[in-house]
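Participant: Only the shape, not the letters, is given here:
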């Protein structure tokens with residue numbers, strides 16, 4: 001077994017920040033009680049009475065304030081106080097009542113339980129105070145016994161706990177709704193996997209190691225088709241694309257096997273393995289483990305609700321991926337058909353695709369936009385399908401009228417592609433139309449200038465010229481590389497976007513590497 005088998009146990013992760021209202025009334029596992037009274041003896045006696053008292057196995061942490069102003073500062077710094085035992089008369093006759101107002105109205109803290117204690121009931125009549133102020137109990141100091149204080153505190157802490165559980169449930173459901181919106185966006189499986197981890201961990205408020213694994217297949221355990229990690233957090237991020245069995249313990253692998261065998265998710269006090277079987281037959285898993293808190297029934301219900309949305313989202317991703325794969329196949333096939341018809345070398349469209357993505361990333365576009373360009377750029381010359389063979393494959397120099405005919409391939413390509421609502425086809429239509437525009441405005445067909453040419457058109461235009469010059473064509477031999485670079489330098493700010501030229505020349509070795517990967521092969 002791998003040396004990394006125990007990394008589930010101790011490591012903590014940073015996910016979305018927990019809100020101030022997140023449950024756990026005290027980090028050290030105790031309930032926070034604030035005693036607010038200007039008499040030191042009251043503080044001492046209260047703590048003595050509650051000295052050996054605990055609720056649900058947790059004791060108390062005491063915060064002491066001796067005036068209304070001090071109480072306001074302390075509660076502002078400690079919003080997770082569970083109970084306040086609050087004197088009414090302190091620096092003023094209504095100091096305690098002002099504290100109540102500040103907590104409820106200014107701090108908007110509706111969770112803390114507030115019990116007023118007064119030795120001067122005439123200053124704050126019970127009926128009036130209960131009606132006007134948002135307090136939870138009213139006690140006369142002279143009537144408080146050890147037993148009544150015990151009962152009052154127990155009741156208040158229990159109510160606080162129940163309110164926080166309800167609030168946690170509400171927040172969890174709200175997060176599930178928000179997370180589901182994100183999950184149902186069209187995205188790659190790897191992006192989805194990472195997002196699902198973060199969303200689920202945030203919903204549960206867990207700090208743990210987690211990973212997302214995916215395998216194709218229909219059977220429970222496969223000897224040659226091991227579970228592979230495709231997204232991970234914490235120390236697991238170093239094991240992406242590694243087999244799960246090399247990372248987790250045998251006990252955890254047994255849970256994975258059991259989940260596959262039963263075709264259902266497994267939730268224990270220390271581990272969650274979400275099992276998702278898509279309509280296409282792939283099996284997907286989410287693992288959460290090593291968390292310190294015990295999952296409650298509410299936690300488990302939220303996991304099940306979230307998991308049902310994950311299943312739907314996975315099916316959507318699968319269906320969308322089939323559409324995208326079909327589009328890719330059509331794009332490259334049609335692009336290669338056009339190149340074959342014009343008797344140009346094979347792999348031209350594939351090189352242009354890879355060049356385009358590389359330059360797109362260099363100019364600062366995100367991965368999604370760069371990938372879109374890679375998929376769309378092979379269609380840049382699709383309009384040549386409408387150019388007569390006598391012109392398209394003429395071995396000599398074109399006459400002026402023939403060149404005018406060639407120029408129409410940009411408009412023909414645009415007309416072929418413009419009717420689709422798919423992002424790839426829309427991008428391809430734009431590229432087909434603009435890849436012969438020039439930075440100085442002397443290109444065709446629209447004589448666009450500078451930034452008025454879409455960045456995808458500018459990128460494809462540069463790499464298309466580079467690849468065309470470096471390859472043998474029916475009307476010319478391949479140029480020497482130094483001559484190509486000289487032309488590109490000379491056309492900086494004329495034919496080509498100067499920023500793109502600078503990046504291209506600076507990183508020229510990377511473009512040469514692509515050319516070597518997809519060499520010319522004569523048709």
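Facilitator: Happy to help now that I have it. Computed from a predicted structure; not experimentally measured. Numbering: from 1, shown residues only.
Participant: And the next helix or strand past the worst-scoring helix or strand of the chain on mean pLDDT?
Facilitator: None of the helices or strands of the chain scores lower by mean pLDDT, DSSP states H and E than strand 209-215, at a mean of 48. Reading on from strand 209-215 to the C-terminus, the next helix or strand found by DSSP states H and E is strand 228-232.
Participant: I'd like the mean pLDDT over that next one, please.
Facilitator: Taken as a whole, strand 228-232 has an average pLDDT of 75.
Participant: Could you pull up the residues touching residue 156?
Facilitator: Going by C-beta atoms under 8 Å, 6 or more residues apart in numbering, residue 156 touches 82, 83, 113, 115, 136, 137. Using the backbone N, CA and C atoms, a C-beta is placed for each residue, glycine as well.
Participant: Please apply the same query to residue 410.
Facilitator: Taking C-beta under 8 Å, 6+ apart as the test, what residue 410 contacts is 383, 432, 433, 434, 435, 436, 444, 445.
Participant: roughly how far apart are it and residue 502?
Facilitator: Distance, residue 410 to residue 502, using C-beta to C-beta, to the nearest Å: 26 Å.
Participant: ditto for residue 303
Facilitator: Residue 303 is 52 Å from residue 502, by C-beta to C-beta.
Participant: for residue 300, same thing?
Facilitator: For residue 300, the distance to residue 502 - C-beta to C-beta - is 57 Å.
Participant: that older thread, what would I type in PyMOL if I wanted to highlight the buried members of the contacts of residue 156 and nothing else?
Facilitator: Restricted to buried positions by 16 or more other C-beta atoms under 10 Å, the PyMOL selection for those reads:
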select buried, resi 82+83+113+115+136+137
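Participant: Name the nearest of the contacts of residue 156 relative to residue 263.
Facilitator: Among these, residue 82 lies closest to residue 263 (C-beta to C-beta), at 43.1 Å.
Participant: surely the closest one meets residue 31?
Facilitator: Yes. Between residue 82 and residue 31 there is a contact at 4.7 Å, judged by C-beta atoms under 8 Å.
Participant: Can you list the residue ranges for strands in the protein?
Facilitator: For the chain, the strands defined by DSSP state E occupy 31-36, 60-65, 83-87, 113-118, 137-140, 209-215, 228-232, 266-267, 271-277, 283-289.
Participant: can you list the domain ranges for this protein.
Facilitator: 31-167, 184-318, 342-517 (automatic domain parsing).
Participant: picking up where we left off before, just put the contacts of residue 156 in a markdown table and tack on pLDDT and distance to residue 107.
Facilitator: As requested, those are exported to a markdown table (pLDDT from 0 to 100; distance: C-beta to C-beta, whole Å):
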| residue | pLDDT | distance to residue 107 |
| --- | --- | --- |
| 82 | 93 | 15 |
| 83 | 94 | 16 |
| 113 | 93 | 15 |
| 115 | 91 | 18 |
| 136 | 83 | 16 |
| 137 | 85 | 20 |
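Participant: Distance to residue 507 added to the contacts of residue 156, as CSV?
Facilitator: Shown next, in CSV, are the contacts of residue 156 (distance: C-beta to C-beta, whole Å):
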residue, distance to residue 507
82, 60
83, 64
113, 64
115, 70
136, 68
137, 72
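Participant: farthest pair in the contacts of residue 156?
Facilitator: Checking the contacts of residue 156 with C-beta to C-beta, the most distant pair is 82 and 137, at 13.8 Å.
Participant: joint contacts of these two?
Facilitator: With C-beta under 8 Å, 6+ apart as the test, residue 82 and residue 137 both reach 113, 156.
Participant: And the helices in the stretch 401-523 of the chain?
Facilitator: Ranges of helices in the stretch 401-523 of the chain, per DSSP state H, counting those that start in this stretch, are 409-417, 423-434, 455-469, 481-490, 498-506, 508-517.
Participant: ok, the closest residue to residue 463 other than its chain neighbours - how many residues close by?
Facilitator: Nearest non-adjacent residue to residue 463, counting by C-beta to C-beta, 6 or more residues apart in numbering: residue 355, 3.7 Å away. Applying other C-beta atoms under 10 Å, we find 26 residues neighbouring residue 355.
Participant: same thing with the one 3 residues further on?
Facilitator: The number of residues packed near residue 358 is 22, by other C-beta under 10 Å.
Participant: and it, how far is that from residue 382?
Facilitator: 22 Å.
Participant: And for residue 471?
Facilitator: Distance from residue 471 to residue 382, by C-beta to C-beta: 19 Å.
Participant: out of those two, which sits in the more crowded spot?
Facilitator: The residue with more neighbours, out of residue 471 and residue 382, is residue 382; 24 against 20, by other C-beta under 10 Å.
Participant: My understanding was that that one contacts residue 428; is that so?
Facilitator: Yes. At 7.4 Å, residue 382 and residue 428 qualify as touching, with contact defined as C-beta under 8 Å.
Participant: Mutual contacts of these two, please.
Facilitator: With C-beta under 8 Å, 6+ apart, residue 382 and residue 428 have common neighbours residue 417.
Participant: before we move on, the earlier item: just send the helices of the stretch 401-523 of the chain back as a markdown table, with distance to residue 250 too.
Facilitator: Converted to a markdown table, the helices of the stretch 401-523 of the chain look like this (distance: least, C-beta to C-beta, whole Å):
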| stretch | distance to residue 250 |
| --- | --- |
| helix 409-417 | 54 |
| helix 423-434 | 45 |
| helix 455-469 | 51 |
| helix 481-490 | 57 |
| helix 498-506 | 51 |
| helix 508-517 | 42 |
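Participant: and residue 244, which of the ones you listed is closest to it?
Facilitator: Once those are compared by C-beta to C-beta, helix 508-517 is nearest, at 31.9 Å.
Participant: Okay, buried residues for the closest one please.
Facilitator: 511, 514, 515.
Participant: show me where pLDDT drops low in the stretch 101-250 of the chain?
Facilitator: 121-127, 168-225, 233-235 (pLDDT under 70).
Participant: now the helices for it?
Facilitator: 126-132, 146-183, 189-204, 250-262.
Participant: The shortest one - contacts with which helices or strands?
Facilitator: For helix 126-132, the elements it packs on are strand 137-140, judged by 3 or more C-beta pairs under 8 Å, 6 or more residues apart in numbering; DSSP states H and E.
Participant: other SSEs contacting the strand it packs on?
Facilitator: Using 3+ C-beta pairs under 8 Å, 6+ apart: strand 137-140 touches strand 113-118, helix 126-132, helix 146-183.
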